[in-house]
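**Q** After the sequence you'll find the predicted model.
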Amino acid sequence: MPLSKMDFDFYESEDPIWNPALMAIPIPGIRKMVNLAAEMDDVIHLSIGQPDLPVPDHIINAAIEAMQRGQTGYTMDAGLPELLESLAIYYGERNGRTLTPDNIMVTTGATEALYLALTAVSAPGRHFIIPCPAFQLYGPLIRMNGGEVTEVKTRAENNHQLDPQDVIDAMEPHTYGIVLNSPSNPTGTVYPRETLETIVEEAAYRGIQIISDEVYDHLIYDGKEYPSVLSCCSDLDHVIVVSSFSKSYSMAGMRIGWMIGSQGAIKKLRRYHMFTTTVANTPCQWAGVAALHGGNEFIDHMRAEYTRRRDRLVELVEQTPHLTGYRPDGAFYLFPSLPEGANGTNVALRLLKETGVCTIPGETFGSHCKNSLRLSYSISLEQIEAAFARIIPWMEQQNFD
């Protein structure tokens, strides 16, 4: 089926009233595909970026009970004291370091935390390093503030591991920040401790800020250790770690995230936060307290379920012509590559139109991965099987020479 002009006409026209910096923010590739899929019938989504398991009852009940108690006003700007204390204890024990509530600020999801951290540091003439592929938020937020971005390429055949020497080689005298994301969206890659320690140590020596997006930090498979940047740095002076309840507890719509850093950085960013969302949702902060004190049963169940799905998805990708996969260690994504030179956007659009399977094209996540697709296994095993019952015969008919 030929592709119409409308398939590519996703961008709004320029209007002189708007700040030109907004042109640095693309319409997200994820949204493009989902919007197209919404106009179709019988679509199977390998595009979903949120957990499909229901939020545990004790977390829902904590939010309801907070509202019934009248806990619907503003909290302190840094967050609900009970949540700050719980986070400090939880992450302190998990990473073997002392944290206090003054090291933490609660935000409206991890997205606000990343927005605050990136836009507070980026400015014209400042250089940043991000992995490629990477979550689509980082580069545009840096560029809209005049910052420069260098993408450090990773490859599917190397499990998209980040080579620390490549990161060090990309450092410039005017480098101000490095963004890390482990486990990674879109690759599911978990960086080993040696990689993180090497990058963090060199960045500290050069006075470069590390911003570490760790929202998938509980979705680690095969019994592997998860090294947070919090456990790989001697102090927090040049480190900001971001996470949330969205992925670990299936609370994406409840919008509770946080950032962890030095007391000085948090104090500065609290003022910025007051001029963005002011405070996070109060009843949902109480739900977060319940999540942290409710044990690991839900997370263990989620890990077991996603391990089964991952294992089957890896097998199906291996059986699919023209796809090169690998075995991700975390999150719920796989980022297989197509043959060199293939246009992943055209493949994703044709897959959707001709098979009804929605995937996300690789160029959404960086300039070096135009021949890739992001596949999410945050759907049932039955849906994964049904999707590949369509994908495999379609791929068998393609010629990428």
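**A** Sure, I can see it. Numbering: from 1, shown residues only.
**Q** can you tell me which residues contact the residue lying farthest from the centre of the chain?
**A** Seen from the C-alpha centroid of the chain, the residue lying at the greatest distance (Cα atoms, centre = their mean) is Arg69, 34.0 Å away. Contact criterion Cβ atoms under 8 Å, 6 or more residues apart in numbering gives no residues in contact with Arg69. Every residue, glycine included, has its C-beta placed from N, CA and C.
**Q** start the count at 474, not 1, going forward
**A** New numbering, starting at 474: the last item is Arg542.
**Q** I'd like to know how far it sits from Thr581.
**A** 22 Å (Cβ to Cβ, to the nearest Å).
**Q** give the contact list for Thr832.
**A** By Cβ under 8 Å, 6+ apart, the neighbours of Thr832 are 506, 519-520, 821, 824-825, 846-848.
**Q** now swap in Gln523 and tell me
**A** 719-720, 723, 725, 851.
**Q** out of those residues, which is most surrounded?
**A** Lys720 (24 neighbours; other Cβ atoms under 10 Å).
**Q** Gly829 - how many residues pack around it?
**A** Gly829: 17 surrounding residues under other Cβ under 10 Å.
**Q** Run through the stretch 624-773 of the chain and note the low-pLDDT ranges.
**A** Applying pLDDT under 70 to the stretch 624-773 of the chain flags no residue at all.
**Q** again, 90 this time
**A** Scanning the stretch 624-773 of the chain for pLDDT under 90 picks out 628-630.
**Q** Please name the nearest non-neighbouring residue to Leu495.
**A** Closest residue to Leu495 apart from its sequence neighbours, by Cβ to Cβ, 6 or more residues apart in numbering: Met617 at 6.9 Å.
**Q** again but with Gly835, I slipped
**A** Ser845 is the one closest to Gly835 (Cβ to Cβ, 6+ apart), at 3.0 Å.
**Q** Can you report how many residues neighbour that neighbour?
**A** 31.
**Q** That one bridge partners, please.
**A** Under DSSP bridges, the beta-bridge partners of Ser845 are Ser810.
**Q** Now do the same contact list for it.
**A** Per Cβ under 8 Å, 6+ apart, neighbours of Ser845: 606, 629, 808-811, 817, 834-835, 838.
**Q** is it true that Ser849 touches Ile517?
**A** No: the criterion here is Cβ atoms under 8 Å, and Ser849 misses it with Ile517 at 11.1 Å.
**Q** out of the two, which sits in the busier spot?
**A** Higher neighbour count among Ser849 and Ile517: Ser849, with 26 against 22, using other Cβ under 10 Å.
**Q** if I pick that one, what's in contact with it?
**A** Here Ser849 is in contact with 518-522, 805-806, 833 (criterion: Cβ under 8 Å, 6+ apart).
**Q** again, but for Met617
**A** Counted by Cβ under 8 Å, 6+ apart, Met617 has contacts 494-495, 497-498, 592.
**Q** Give me the buried subset of these.
**A** Buried by 16 or more other Cβ atoms under 10 Å: 497, 592, out of those.
**Q** if we take the contacts of Met617, which one ends up nearest to Ile693?
**A** Thr592 (29.5 Å; Cβ to Cβ).
**Q** what's the pLDDT at that closest one?
**A** With respect to pLDDT, Thr592 scores 97.
**Q** any idea where the helices of the stretch 574-723 of the chain begin and end?
**A** Using DSSP state H, counting those that start in this stretch, the helices of the stretch 574-723 of the chain run over residues 582-594, 611-616, 637-643, 666-679.
**Q** Using TSV, lay out those together with distance to Leu556.
**A** Converted to TSV, the helices of the stretch 574-723 of the chain look like this (distance: least, Cβ to Cβ, whole Å):
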stretch	distance to Leu556
helix 582-594	14
helix 611-616	25
helix 637-643	33
helix 666-679	27
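**Q** Which one of these lies nearest to Ala738?
**A** Proximity to Ala738 (Cβ to Cβ) singles out helix 582-594 among the helices of the stretch 574-723 of the chain, at 8.7 Å.
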